[in-house]
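> Could you look at this predicted model? Sequence included:
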Amino acid sequence: MSHNRDAWVSQRAYSLWESEGRPEGRGESHWMQALKEFEQLELTKASPDGNDLIEKLKAAGRLMRVYDGAVPAVENGLQLKGAR
């Protein structure tokens, strides 16, 4: 385990413990919850240039594509007419 991971999980587990009123005997469950949260954060972390996220979105078919036509302005579900 890396020091950063241990430190983050430890601080988060402590925060969970405090937020629940410092109950006795819940240390392991707080640690496991903090560890799960850390792992979720690691899964969503992008590279500095964002290329890994772009590739994941492409693979999932969720990358927004550039639209060549004019996109109408929408406010509160109503299309706004603009001067052209």
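Perfect, thanks for sending it.
> From now on I want contacts and neighbour counts done on CA atoms only, so please keep to that.
Fine.
> Which residue ranges of this structure form strands?
73-75, 78-80 (DSSP state E).
> Where do the helices of the protein begin and end?
3-19, 27-44, 51-60 (DSSP state H).
> Name the stretch from the ones you listed where average model confidence is lowest.
With a mean of 77, helix 51-60 has the lowest mean pLDDT of those.
> orientation of that helix relative to helix 27-44 in degrees?
Relative orientation of helix 51-60 and helix 27-44, computed by axes from the mean of the first three to the mean of the last three Cα atoms, to 10 degrees: 80 degrees.
> Next, the buried residues of helix 51-60.
Neighbour counts using 16 or more other Cα atoms under 10 Å place no residue of helix 51-60 among the buried ones.
> Just the CA coordinates for that helix, please, in CSV.
Extracted in CSV, the C-alpha atoms of helix 51-60 (Å, rounded to 0.1, in the frame of the first residue of the first chain):
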residue,chain,number,x,y,z
ASN,A,51,-6.7,11.2,-23.1
ASP,A,52,-7.5,8.2,-21.0
LEU,A,53,-11.0,9.6,-20.3
ILE,A,54,-11.6,10.4,-23.9
GLU,A,55,-10.7,6.8,-24.9
LYS,A,56,-13.0,5.4,-22.2
LEU,A,57,-15.9,7.6,-23.4
LYS,A,58,-15.3,6.6,-27.0
ALA,A,59,-15.3,3.0,-26.0
ALA,A,60,-18.5,3.4,-24.1
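> on contacts alone, who are the packing partners of that helix?
The helices and strands touching helix 51-60, judged by 3 or more Cα pairs under 8 Å, 6 or more residues apart in numbering; DSSP states H and E, number zero.
> G21: neighbouring residues, count only.
By other Cα atoms under 10 Å, 8 other residues sit near G21.
> Can you tell me how far it is from Y14?
Distance of G21 to Y14, given as Cα to Cα, to the nearest Å: 11 Å.
> Next: L35.
12 Å.
> With A59 instead?
38 Å.
> Once you drop chain neighbours, what's closest to Y14?
Distances taken as Cα to Cα, 6 or more residues apart in numbering put H30 closest to Y14, at 7.6 Å, once the chain neighbours are dropped.
> got the contact list for the one you found?
Contacts of H30 were listed using Cα atoms under 8 Å, 6 or more residues apart in numbering, and they are 13-14, 16-17.
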